[in-house]
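Enquirer: the amino acid sequence is not available; the structure is as follows:
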């Protein structure tokens, strides 16, 4: 299937103005370029939710900024801890504000978006440590959030999908139950080679060289570190007992096959998995729903699946 026409127009513009090599560019410049590109696909008006609060949570290196989205109504609600994408190097609470507002509205859940520390200033394990600390805090203080003790989920896209997967693995190891994990085109493997890295190496916004550069900035080159489950969740020793998963990949994404491999590994271990590769879409489609009907349909399906997973009898 060809690239969705709405997205193809965006790609034509991006490909006509090549971005600088990531590894050779000041990360502050990369972040500004990311914000500028993201501004072309934002909603004209923010999605309305019950309330939005900017605050902080305690973390291993100081306070962690978070943004809490609450639905209309009195609850109790499920809670989703969301980690933004951006290759561990770019992205923040604002770049994914449309995404998290819509998640709050469509899933009818409290969404806590986490602004973790970024590489290369803060390489691994900074992002993982921040996301794990934030999720632990929310789990231990759930009455301050959605109040549904049995309905806590993690979610993220790209690098954020990696962080959601690694937090879910760690929670499983600690005996802390999660109700669901939503992994959108997640980074799952820092040491493997997958056909989609060659098939979709160039021309689809995220290139294979970009992936390699970002992986190096986050986790260096030590094979032992890169192969640990806290960096490469696909390399975990076991996937049994993990939270039900929703795993989404895109046809034209160099990360497609490692995301699909992760979904298969979970399913083989007996985990309840909803997996979908979205035809005609590219890496980053979660942010493109304001400009692409195909991306909008994909986001609708994913959020519907997450809402379904978070249903259940309320227990306090």
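Expert: Here it is on my side, so go on. Quantities reported herein were computed from a predicted structural model and do not represent experimental measurements.
Enquirer: ok, now how distant is residue 261 from residue 251?
Expert: 16 Å (C-beta to C-beta, to the nearest Å). Glycine gets a C-beta too; all of them are placed from N, C-alpha and C.
Enquirer: I misspoke; the intended subject was residue 227.
Expert: Distance, residue 227 to residue 251, by C-beta to C-beta: 28 Å.
Enquirer: which of the two has more neighbours?
Expert: Remark: of residue 227 and residue 251, residue 251 carries more neighbours, 19 against 16, as counted by other C-beta atoms under 10 Å.
Enquirer: so the more buried one belongs to a strand, correct?
Expert: Yes - judged by DSSP: H, G, I helix; E, B strand; the rest coil, residue 251 forms part of a strand.
Enquirer: and the pLDDT at it?
Expert: In this model, residue 251 is scored at 98, pLDDT.
Enquirer: check which helix or strand covers residue 214.
Expert: Residue 214 is part of helix 208-219 when elements are defined by DSSP states H and E.
Enquirer: give the other helices and strands that the strand or helix carrying residue 67 contacts.
Expert: Residue 67 is part of strand 62-70 when elements are defined by DSSP H and E. Strand 62-70 is packed against strand 51-59, helix 97-107, strand 110-114, helix 126-140, with contacts defined by 3 or more C-beta pairs under 8 Å, 6 or more residues apart in numbering; DSSP states H and E.
Enquirer: want to throw those into JSON lines with distance to residue 41, mean pLDDT and mean neighbour count?
Expert: Conversion of the helices and strands packed on strand 62-70 to JSON lines gives the following (distance: least, C-beta to C-beta, whole Å; pLDDT from 0 to 100; neighbours: other C-beta atoms under 10 Å):
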{"stretch": "strand 51-59", "distance to residue 41": "20", "mean pLDDT": "98", "mean neighbour count": "14"}
{"stretch": "helix 97-107", "distance to residue 41": "8", "mean pLDDT": "98", "mean neighbour count": "23"}
{"stretch": "strand 110-114", "distance to residue 41": "18", "mean pLDDT": "98", "mean neighbour count": "28"}
{"stretch": "helix 126-140", "distance to residue 41": "24", "mean pLDDT": "98", "mean neighbour count": "21"}
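Enquirer: so which of those is nearest residue 152?
Expert: helix 126-140 (5.7 Å; C-beta to C-beta).
Enquirer: moving C-terminal from that closest one, which element do we reach first?
Expert: Once the chain leaves helix 126-140, the next helix or strand it forms, by DSSP H and E, is strand 147-157.
Enquirer: can you give me the buried ones in that following strand?
Expert: In terms of neighbour count (16 or more other C-beta atoms under 10 Å), strand 147-157 has its buried residues at 147, 148, 149, 151, 152, 153, 154, 155, 156, 157.
Enquirer: show me what the helix or strand of the chain with the lowest mean pLDDT is in contact with.
Expert: Lowest on mean pLDDT, DSSP states H and E among the helices and strands of the chain sits helix 5-16, with a mean of 91. Helix 5-16 has contacts (C-beta atoms under 8 Å, 6 or more residues apart in numbering) with 2-3, 37, 40-41, 203-205, 280-282, 285, 288, 291-295.
Enquirer: go with 6 Å
Expert: Applying C-beta atoms under 6 Å, 6 or more residues apart in numbering, the contact partners of helix 5-16 are 282, 291, 292.
Enquirer: nearest spatial neighbour of the second one, chain-adjacent residues omitted?
Expert: Put plainly, it is residue 291. Spatially, and ignoring its direct neighbours in sequence, residue 291 is nearest to residue 41 (4.8 Å; C-beta to C-beta, 6 or more residues apart in numbering).
Enquirer: next: residue 108.
Expert: Once flanking residues are discounted, residue 108 sits nearest to residue 71: 5.2 Å by C-beta to C-beta, 6+ apart.
Enquirer: now do the contacts for the one you found.
Expert: Neighbouring residues of residue 71 by C-beta under 6 Å, 6+ apart: 50, 104, 108.
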